[in-house]
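**Q** Any chance you could fold what I've pasted below:
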Amino acid sequence: MLQEDSFCRIKYRGEIYDTRHGGPWDRGSADSWYSRPFEPHYFVEGTHTSTRVEQAAMTTEEIRAYSAGYSWNEEHGGKKDYD
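**A** Reported below is the predicted structural model:
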């Protein structure tokens, strides 16, 4: 079940994730949307306007948030149509 609120949070599979732009959930769901490979990362602030944090420097919780965003989009989201 998906629940969103106005504070950039989402409840998915019993866990609450921060969905802020550039964060792990956001990057995971975006990678899935654009049919990019599973490659955990996030941005400290805005996407492509701040430091990118790679998987080796991510916490277990951050990797879990990226994975959840990717999984959610695979299950419920769409895919970018490049046609």
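
**Q** just the helices in the protein please.
**A** Ranges of helices in the chain, per DSSP state H, are 24-33, 60-76.

**Q** buried ones in the last one?
**A** Pointing back at helix 60-76 there. Buried residues in helix 60-76, counting neighbours by 16 or more other Cβ atoms under 10 Å, are found at 62-66, 68-73. Where C-beta positions appear, they are placed from N, C-alpha and C, glycine not excepted.

**Q** Remind me what that helix packs against, helices and strands.
**A** strand 9-12, strand 15-18, helix 24-33, strand 41-43 (3 or more Cβ pairs under 8 Å, 6 or more residues apart in numbering; DSSP states H and E).

**Q** can we see that at 7 Å?
**A** strand 15-18, helix 24-33 (3 or more Cβ pairs under 7 Å, 6 or more residues apart in numbering; DSSP states H and E).

**Q** Pipe the buried residues of helix 60-76 into TSV and attach pLDDT per row.
**A** Shown next, in TSV, are these (pLDDT from 0 to 100):
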residue	pLDDT
Glu62	98
Ile63	98
Arg64	98
Ala65	98
Tyr66	98
Ala68	98
Gly69	98
Tyr70	98
Ser71	98
Trp72	97
Asn73	97
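
**Q** Among the residues you listed, which one lies nearest to Ser35?
**A** The closest of the buried residues of helix 60-76 to Ser35 turns out to be Asn73 (Cβ to Cβ; 10.2 Å).

**Q** Thr51 versus the residue lying closest to that closest one once chain neighbours are set aside, what's the distance?
**A** Using Cβ to Cβ, 6 or more residues apart in numbering and skipping residues adjacent in sequence, the residue nearest Asn73 is Ser32, 3.6 Å away. Using Cβ to Cβ, to the nearest Å, we find Ser32 at a distance of 23 Å from Thr51.

**Q** Who has more neighbours out of these two?
**A** Neighbour totals were compared for Ser32 and Thr51, and Ser32 leads with 22 against 9 (other Cβ atoms under 10 Å).

**Q** Out of the helices of the chain, flag the one nearest Lys11.
**A** Nearest to Lys11 among these is helix 60-76 (10.4 Å), distances taken as Cβ to Cβ.
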